[in-house]
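Engineer: Prediction below, plus the sequence it came from.
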Amino acid sequence: MQTAAHTPASVEPVHLAWPSEGMTRVPYQVFFDPAIYELEQEKLFRGPLWSYVALEAEVANAGDFKATFIGDTPVVVTRDKEGALHAFVNRCAHRGALVCREPRGNRVRHTCVYHQWSYDLKGNLIGVPFPKGIDGKGGYPADFTPSQHSLRKLNVATYNGVVFASFSDQVEPLVEYLGPEMRPWLDRIFNRPVRVLGYARQFINANWKLYLENVRDPYHASLLHLFHTTFGIYRSSQGGGVILDRYGRHSMLRAYKRTQEEEVGAYRGANLRTYQEQYTLADPSLLKTRKEFELELTNSIHSIFPCLVVQQIQNTMAVRHILPKGQDKFELLFTFFGYEDDDEEMLAIRVKQANLVGPAGYISMEDGHATELVQQAIVRDETGRSFIELGGREAVNQENLLTETGLRAFWQYYRNLLGFNS
Amino acid sequence: MQRDEVRDAVEDLMHAYVQCIDDDRLEEWPDFFTEGCLYRVIPRENADQGLPIAIMHCDSRGMLHDRVVAHRKANLFAPHIYRHLVSAIRITGQEQEIVTVRANYAVFRTLVDPVSYGVTEVYSVGEYRDKIALIDGVTKFKEKLVIVDTSRIQSLLVTPL
């Protein structure tokens, strides 16, 4: 028999020498090398980390399920009759078909359509058709043991209604994974039961880590996103800073208003193209905001490694789930939420302010596009590297927004995790 | 107005609306709406689940105007051309001066940036659910709900549907 002309691309071992400058340089190869993407799926997404999979509000009742991904592996999150959450790989233990074929719903069991192998909400195999055959013909061998053919189960943990899963049995407890530096900020947002208000999806032709850089980068906020400056709303002189966890893998960007005079003065002095004073909003109701947090922040962008971003911009809140789809593609899924006890007025504010974020977001639509501009330009340059020295060469907390400290911290952690040496 | 006249007026409005966008005459786009209009671009997954979030939500003509100013002056995106196809325009109800209309739409997007120059893709497919006001022989959208089947948006949405 002849071999097929088409053979699948084999994964080459990764050859990558990290620049000797360390975390202030990132080799562009990490954004386009398919071998690095494969390594990430194995060492990172299936490694000793916790990945965001759902909000508890999405699987509130017994039988509720949600289909999602860890890295690019399809997984399902379920809630069983006793109220416990489970997660398993969405792949039949028989012949590998996708078991759960709906994005969300409610079922008492999950049955693979291919040969009707049936699983309970914990992922245990509970039934196969014709196990003994018919009239003594066919069927499984006598030693066939259904309990040995469960779906691949994952560890599950929740923090304040946010659900995480892990392939690893060695992973540290979720509370420690999130860490003492990050937990207060999650506590601030997830302070009471939330209600999902809707979804928005973007598909971006860029490496997923370019988006992880974007959400750790306060420098671009008023330079790429010109909405506020065009309409004279507020400017990059606003106060704020970057907080990192002790490993540098998570970050928290926050911004708060200074007085109007301080802002305009600082911006005029900088003489930037982004400063335009001639436009005003015809309908400023978009910016109507209600105080709802003890600590008022105009923006908080909270990145939990690897693929979760929790965002509060004025009164709009969302989790952004980054779903890698190959070395040069990712999906960005926004799950907008409010609180269960929101009144009508607050709900209306959140719906209107959703104009600010998402695929058509006044101050977020450019993020995906910026990552695409990088992906388009870095091709075929094995020695190319970025330059990340804004705010110094360290990865430490900084109390200003003109810094790339969050990027340096992230790359230092990533590099160690994947074992990329100089 | 006679039934045929209403139908003609509705179809004229819907075709003029998409040609305005496709011709990049966005400054005229808000004029297709009444002052107190509602324009929402809603992913079908939200519409089907009764979830309130839209990806564009404008509840006044002023907000439409702000979208146009942001498109021209603030937002950054790959330059592109739209081509709308509208079909299955059907009047489903009329109460006094408000006509309820359903139609299908498809938008092809052609990129004109240097990397993807001249590449056309099916950018968005979905349905218009409109309420059209007929006042003194003039038709305007009082409400235009764009229910987007293509929930997963390629890169971003900046030009209205």
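Structural biologist: Looks like it came in fine. Numbering: from 1, shown residues only, chains lettered A, B, ... in the order given.
Engineer: Tell me how many other residues crowd the residue of chain B found nearest chain A.
Structural biologist: Residue nearest to chain A within chain B: residue B:53 (2.6 Å; Cβ to the nearest Cβ). Bear in mind the C-beta positions are built from the backbone N, C-alpha and C, glycine included. Residue B:53 has 25 neighbouring residues, counting by other Cβ atoms under 10 Å in any protein chain shown.
Engineer: wait, it sits on residue A:354?
Structural biologist: Yes. In this structure, residue B:53 is within contact of residue A:354 by Cβ atoms under 8 Å, at 5.2 Å.
Engineer: Name the residues contacting each of the two.
Structural biologist: Jointly contacting residue B:53 and residue A:354 under the rule Cβ atoms under 8 Å, 6 or more residues apart in numbering or on different chains are A:197-198, A:200, A:336.
Engineer: quick one: is the helix or strand harbouring residue B:124 near chain A?
Structural biologist: In this structure, residue B:124 sits in strand B:119-135 according to DSSP states H and E. No. Under the criterion of Cβ under 8 Å from any Cβ of the partner chain, strand B:119-135 makes no contact with chain A; the nearest approach is 10.7 Å.
Engineer: What is the subsequent helix or strand relative to that strand?
Structural biologist: strand B:138-148.
Engineer: Just the buried residues of that next one, please?
Structural biologist: If you call a residue buried by 16 or more other Cβ atoms under 10 Å in any protein chain shown, then strand B:138-148 has these buried ones: B:139-148.
Engineer: Is the following helix or strand past that strand positioned near chain A?
Structural biologist: Sequence-wise, the next helix or strand downstream of strand B:138-148 (DSSP H and E) is strand B:152-154. Yes. Interface with chain A: strand B:152-154 contributes B:152-154 (Cβ under 8 Å from any Cβ).
Engineer: Give me the contacts around strand B:152-154.
Structural biologist: Residues from elsewhere that reach strand B:152-154 (Cβ under 8 Å, 6+ apart): A:200-203, A:331, A:359-360, B:55, B:109, B:121, B:123-124.
Engineer: Parallel or antiparallel, which strands does that strand pair with?
Structural biologist: strand A:194-204 (parallel) (DSSP bridges).
Engineer: Return the partner strand as PDB; C-alpha atoms alone will do.
Structural biologist: C-alpha atoms of strand A:194-204 as PDB (Å, rounded to 0.1, in the frame of the first residue of the first chain):
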ATOM      1  CA  VAL A 194     -23.600  37.700  39.800                       C
ATOM      2  CA  ARG A 195     -26.000  37.400  36.900                       C
ATOM      3  CA  VAL A 196     -24.900  36.800  33.300                       C
ATOM      4  CA  LEU A 197     -26.100  39.600  31.000                       C
ATOM      5  CA  GLY A 198     -24.800  38.400  27.700                       C
ATOM      6  CA  TYR A 199     -22.000  37.200  25.500                       C
ATOM      7  CA  ALA A 200     -19.800  38.700  22.800                       C
ATOM      8  CA  ARG A 201     -17.200  36.900  20.700                       C
ATOM      9  CA  GLN A 202     -14.300  38.100  18.600                       C
ATOM     10  CA  PHE A 203     -12.000  36.000  16.500                       C
ATOM     11  CA  ILE A 204      -8.600  37.400  16.200                       C
END
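Engineer: Residue A:403 touches residue A:216, doesn't it?
Structural biologist: No. Assessed by Cβ under 8 Å, residue A:403 is found out of contact with residue A:216, at 10.0 Å.
Engineer: Neighbour count: the two, which is higher?
Structural biologist: A count of neighbours by other Cβ under 10 Å puts residue A:216 above the other of residue A:403 and residue A:216, at 27 against 24.
Engineer: burial of residue A:387, as a residue count?
Structural biologist: 10.
Engineer: Tell me which residues touch it, please.
Structural biologist: Going by Cβ under 8 Å, 6+ apart, residue A:387 touches A:24-25.
Engineer: Report the separation between it and chain B.
Structural biologist: 22 Å (Cβ to the nearest Cβ, to the nearest Å).
Engineer: who does that residue bridge with?
Structural biologist: Going by DSSP bridges, residue A:387 forms beta bridges with residue A:25.
Engineer: hang on, the earlier thing: so which of the residues of strand B:152-154 next to chain A comes closest to residue A:374?
Structural biologist: Checking those against residue A:374 with Cβ to Cβ, the nearest one is residue B:154 at 17.3 Å.
Engineer: Could you tell me what pLDDT the model assigned to the closest one?
Structural biologist: On the pLDDT scale, residue B:154 is placed at 97.
Engineer: Next SSE downstream of the worst-scoring helix or strand of chain A on mean pLDDT?
Structural biologist: Sorting the helices and strands of chain A by mean pLDDT, DSSP states H and E puts helix A:260-270 at the bottom, at a mean of 50. Sequence-wise, the next helix or strand downstream of helix A:260-270 (DSSP H and E) is strand A:299-304.
Engineer: Let me know the angle separating the next helix or strand after that next one from strand A:299-304.
Structural biologist: Sequence order places strand A:308-313 as the next helix or strand after strand A:299-304, per DSSP H and E. If you take axes from the mean of the first three to the mean of the last three Cα atoms, to 10 degrees, strand A:308-313 sits at 170 degrees to strand A:299-304.
Engineer: helices or strands up against strand A:308-313?
Structural biologist: helix A:183-189, strand A:299-304, strand A:316-324 (3 or more Cβ pairs under 8 Å, 6 or more residues apart in numbering or on different chains; DSSP states H and E).
Engineer: Go again with 10 Å.
Structural biologist: If contacts are counted by 3 or more Cβ pairs under 10 Å, 6 or more residues apart in numbering or on different chains; DSSP states H and E, strand A:308-313 sits against strand A:51-55, strand A:162-166, helix A:183-189, helix A:208-214, strand A:251-256, strand A:299-304, strand A:316-324, strand A:330-339.
Engineer: For residue A:30, find the nearest of these.
Structural biologist: helix A:208-214 (6.6 Å).
Engineer: Can I get the helix or strand just after that closest one as PDB, trimmed to CA atoms?
Structural biologist: Moving toward the C-terminus from helix A:208-214, the next helix or strand (DSSP H and E) is helix A:221-224. Taking C-alpha atoms only, helix A:221-224 is exported to PDB below (Å, rounded to 0.1, in the frame of the first residue of the first chain):
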ATOM      1  CA  ALA A 221      -4.700  52.600  26.800                       C
ATOM      2  CA  SER A 222      -4.900  56.300  25.700                       C
ATOM      3  CA  LEU A 223      -2.600  56.000  22.700                       C
ATOM      4  CA  LEU A 224      -4.300  53.200  20.800                       C
END
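Engineer: In the helix or strand following helix A:221-224, which of the residues would be classed as buried?
Structural biologist: Per DSSP H and E, helix A:221-224 leads on to helix A:227-230 as the next helix or strand towards the C-terminus. With burial defined by 16+ other Cβ under 10 Å, the residues of helix A:227-230 counted as buried are A:227-230.
Engineer: Neighbours of the nearest residue to residue A:27 once chain neighbours are set aside, how many?
Structural biologist: Excluding the flanking residues, the one nearest residue A:27 by Cβ to Cβ, 6 or more residues apart in numbering or on different chains is residue A:385, at 4.9 Å. Look at residue A:385: counted by other Cβ under 10 Å, it has 17 neighbours.
Engineer: any idea how far residue A:35 is from residue A:385?
Structural biologist: According to Cβ to Cβ, to the nearest Å, residue A:385 stands 18 Å off from residue A:35.
Engineer: and the buried residues of strand B:138-148 near chain A, which?
Structural biologist: residue B:148 (Cβ under 10 Å from any Cβ of the partner chain).
Engineer: okay if I get the buried residues of strand B:138-148 as TSV plus pLDDT?
Structural biologist: Output for the buried residues of strand B:138-148, formatted as TSV (pLDDT from 0 to 100):
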residue	pLDDT
B:139	96
B:140	98
B:141	98
B:142	98
B:143	98
B:144	98
B:145	98
B:146	98
B:147	98
B:148	98
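Engineer: if we can go back for a sec, show me which positions of the strand holding residue B:124 end up buried.
Structural biologist: By neighbour count on 16+ other Cβ under 10 Å, the buried set for strand B:119-135 is B:123-134.
Engineer: Also stretch A:67-75?
Structural biologist: Quick answer for stretch A:67-75 (16+ other Cβ under 10 Å): A:67-73, A:75.
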